[in-house]
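sequence and computational prediction follow.
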Amino acid sequence: MIPSINGDSFATTVIIKIAALFTVAITFFYLGKNWSINNQQLIFFTATTTTISDQVTTSPNFNKFSNISAIINHNQTLKTPEEPLKIKKLGVLNEDGTMSNEFEIGEFDPDFVDDSVNTTRLDDSNDELKFTVKKFTLCSSNMSDYIPCLDNVEAIGKLKSVEKGERFERHCPVAEKRFNCLVPPPKGYRSPIPWPKSRDLVWYNNVPHNRLVEDKGGQNWITRDQDKFKFPGGGTQFIHGADQYLDHISKMVPNITFGQNIRVALDVGCGVASFGAYLLSRNVITMSVAPKDVHENQIQFALERGVPAMVAAFATRRLLYPSQAFDLIHCSRCRINWTRDDGILLFEINRMLRAGGYFVWAAQPVYKHEQNLEEQWQEMLNLTTRLCWKFLKKDGYVAIWQKPSDNSCYLNREAKTNPPLCDPSDDPDNIWYVNLKACISPLPENGYGANLTKWPARLQTSPDRLQSIKLDAFKSRNELFKAESKYWNEIIEYYVRCLHWKTTRLRNVMDMRAGFGGFAAALINQNLDSWVMNVVPVSGPNTLPVIYDRGLIGVMHDWCEPFDTYPRTYDLLHASNLLSVEKKRCNVSSIMLEMDRILRPGGVVYIDDTLSIMDELVKIAKALGWRAALRETIEGPHTSYRLLVCNKDLPHG
């Protein structure tokens, strides 16, 4: 019996040891899990749009691990210059839609950890992931105004037709033919004149093009005075100045109250954007658009002045703005034939115009009595009547219409009246490479988009269309809206206080992943003298309607392609949780190269993203010639996020 007893004793000992090891392992697992939970950062959206559910999932980066200490030491993470701002954790959402700090970690997504598609070389020595990036070289000087998707001569040359303006639309080069160099500034480039002086004058060497002066000098657009361009504030139809012109519009229709019910405008064929420039002082923000045509530098002048603007064309595709975006749309001699193809371009205006919004047209057919111009005027009256627009007034060279506030007029038209209503399956907010539709986009039956509070209250108000955004959160949109606003208010307050944002030139700002526009709203709350282009990536939910309902401007874009703006047009690029998401779709170094193209010399980049991608981003930033510093976020050193701050220096000499 003794041998048997010894054998049982030995077996029992082994079982006890195994149980003890298992207990220790479980203990460390839960300790690690709880540590991660307590340091989770607020995430507003998941990386992909999925079926609507009753909960918000955590970031897809959450379960990606890296050698944190090695990366921190390598990049010399900087602590914030003052005591970190203590932020109350906003948490995520429970199943009932309420905010909470207590939540469970989502399932690990093995597909998220994939091979890098960047052109960086990987060195696996010493069991650490290291990136080496070859320093980017300068492009040739003739590329100083290069816009990749609008200057693609090869693609434009292959177009079957250009009669409808197709050559002015996006034709992006394939990946292997994209530029891989740093777009240089023109000779003599210097730091732009600060706002508000820049509204009236800019340095000649920053935009050294005389075509507009030669063509439009007599129309009070622009003049040259030695080393500067001057902008008297006039336009083709308002040579006596934009202020007088705006007063004229207000007197024609007293309900057009700039800065109250009119907050967001679109200026089509904007010239050098004096219409939008002077509306800024009336608390109206204007998206000024024009194609890159024979007067190709008008948008470049607008952005150099510090006025919101973007290259865009009315041709064959929808513009990249949502339905019911603009309270007022303006065309002053914008050289667009609105009655072309039975009015398909005006149908696009109708799609973007808010319920009850106004269309202002200043053109020769309004006031001249030549036979062909009078025929154009009658065609315009007929077309706008079929669109159910109410003709309000014609005074001098200006005519104003108003879009209906509901669908009653559309439904009461005679049978088979053209244009028809769009099919119910058509989404008027579907805009990325979508062709124009020869139909009327009906207004939502629930009145969404029409019931807005006046500015400035509308900036902080949760709009009705928030409920129609396709998010992973079903019951919690209002809570997400409030949480995002609170989060960015506290972050921007910290940036202003500790990083001295009020002493930094931040006139033209781009938020590359804008969410509900909380970052832009926070800049307004801090009274920073800037405007923000809110970009909504195609890789996430389309929140553009909410951004416009708040009284902000923005555009949809795919960051795997270049953006439609001139080089050197933004002072600050802000990218929060963007590059780690887009890395799954395209080359991160190509995105950062595009950021360098549109960033002004002397500008700054703020990249808030996961620690796992920061080593790569730092190497790319240095290859671009940026000065890069990796900082802790204000949540402290134990989070899985870092803030990469990069500066692009002014050229020497």
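Ah, there it is. Numbering: from 1, shown residues only.

mind checking pLDDT for Gly218?
Turning to Gly218, the model gives it a pLDDT of 75.

so who does Trp203 touch?
For Trp203, the contacting residues are Tyr189, Arg190, Pro192, Ile193, Asp227, Lys228, Phe229, by Cβ atoms under 8 Å, 6 or more residues apart in numbering. Glycine gets a C-beta too; all of them are placed from N, C-alpha and C.

who's it bridged to?
Counting by DSSP bridges, Trp203 forms beta bridges with Lys228.

re earlier: could the contacts of Trp203 be laid out in JSON lines, adding distance to Trp203 and pLDDT?
Converted to JSON lines, these look like this (distance: Cβ to Cβ, whole Å; pLDDT from 0 to 100):
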{"residue": "Tyr189", "distance to Trp203": "8", "pLDDT": "97"}
{"residue": "Arg190", "distance to Trp203": "6", "pLDDT": "96"}
{"residue": "Pro192", "distance to Trp203": "7", "pLDDT": "97"}
{"residue": "Ile193", "distance to Trp203": "7", "pLDDT": "97"}
{"residue": "Asp227", "distance to Trp203": "7", "pLDDT": "96"}
{"residue": "Lys228", "distance to Trp203": "6", "pLDDT": "97"}
{"residue": "Phe229", "distance to Trp203": "8", "pLDDT": "95"}
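
now the buried members of the residues you listed.
Buried subset of these (neighbour count, 16 or more other Cβ atoms under 10 Å): Tyr189, Pro192, Ile193, Phe229.

coming back round to it: let me know the closest of the contacts of Trp203 to Ser539.
Pro192 (31.9 Å; Cβ to Cβ).

tell me which element the closest one is part of?
In the assignment (DSSP states H and E), Pro192 maps to no helix and no strand.

same question for Val509.
For Val509, the host element (DSSP H and E) is strand 508-511.

give me every residue that touches the most centrally placed residue in the chain.
In the chain, the residue lying closest to the centroid (Cα atoms, centre = their mean) is Val535, at 1.3 Å. Going by Cβ under 8 Å, 6+ apart, Val535 touches Met510, Asp511, Met512, Arg513, Ala514, Gly554, Val555, Met556, His557, Phe563.

surely the second one meets Phe519?
Yes: taking contact to mean Cβ atoms under 8 Å, the distance of 4.7 Å between Asp511 and Phe519 places them in contact.

how long is stretch 205-224 from one end to the other?
11 Å (Cα to Cα, to the nearest Å).

just to revisit the earlier point, which neighbouring elements make contact with the strand holding Val509?
helix 518-525, strand 531-537, strand 570-576 (3 or more Cβ pairs under 8 Å, 6 or more residues apart in numbering; DSSP states H and E).

rebuild the ones you listed as CSV, extending it with distance to Lys390 and mean pLDDT.
Compiled in CSV, these are given as follows (distance: least, Cβ to Cβ, whole Å; pLDDT from 0 to 100):
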stretch, distance to Lys390, mean pLDDT
helix 518-525, 33, 98
strand 531-537, 31, 98
strand 570-576, 39, 98
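
got the ones you listed as JSON lines, with distance to Asn435 columns?
Formatted as JSON lines, the helices and strands packed on strand 508-511 follow (distance: least, Cβ to Cβ, whole Å):
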{"stretch": "helix 518-525", "distance to Asn435": "30"}
{"stretch": "strand 531-537", "distance to Asn435": "20"}
{"stretch": "strand 570-576", "distance to Asn435": "30"}
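
closest one to Pro322 among the ones you listed?
strand 531-537 (9.0 Å).

tell me where the model's unsure across this structure.
By pLDDT under 70, the weakly predicted segments of the chain are 1-131, 473-475, 653.

coming back round to it: of the buried ones among the contacts of Trp203, closest to Phe347?
Distances from Phe347 to the buried ones among the contacts of Trp203, taken by Cβ to Cβ, are shortest for Phe229, at 36.9 Å.

check contacts around that closest one.
Counted by Cβ under 8 Å, 6+ apart, Phe229 has contacts Leu201, Val202, Trp203, Tyr204, Val207, Val213, Ile222, Thr223, Phe301.

now, of those, which are buried?
Among the contacts of Phe229, the ones that count as buried by 16+ other Cβ under 10 Å are Leu201, Val202, Trp203, Tyr204, Val207, Ile222, Thr223, Phe301.

hang on, Pro308 packs against Asn534?
No: Pro308 is not in contact with Asn534 according to Cβ under 8 Å; the separation is 10.7 Å.

need the residues touching each of the two.
Common contact partners of Pro308 and Asn534 (Cβ under 8 Å, 6+ apart): Ile553.

more neighbours: which of these two?
Asn534 (27 against 23; other Cβ atoms under 10 Å).

need phi/psi at the residue nearest to that one when sequence neighbours are not counted.
Nearest residue to Asn534, sequence neighbours excluded (Cβ to Cβ, 6 or more residues apart in numbering): Gly554, at 3.2 Å. Reported as degrees, to the nearest 10, the phi and psi values for Gly554 are phi -170, psi -180.

assign the closest residue to Arg568 other than its chain neighbours to helix, strand or coil.
Using Cβ to Cβ, 6+ apart and skipping residues adjacent in sequence, the residue nearest Arg568 is Arg600, 4.8 Å away. Judged by DSSP: H, G, I helix; E, B strand; the rest coil, the three-state class of Arg600 is strand.

equivalent analysis for Trp361, please.
Under three-state DSSP, Trp361 comes out as strand.

do a quick rundown of the strands in the stretch 301-450 of the chain.
Counting by DSSP state E, counting those that start in this stretch, the stretch 301-450 of the chain has strands at residues 309-311, 326-332, 353-362, 390-395, 398-402.

now do the fourth one: distance to the chain's middle.
Here the centre of strand 390-395 is set off from its chain's centre by 34 Å, with Cα atoms, centre = their mean, to the nearest Å.

so which elements touch it?
With contacts taken as 3+ Cβ pairs under 8 Å, 6+ apart, strand 390-395 sits against helix 242-252, helix 371-386, strand 398-402.
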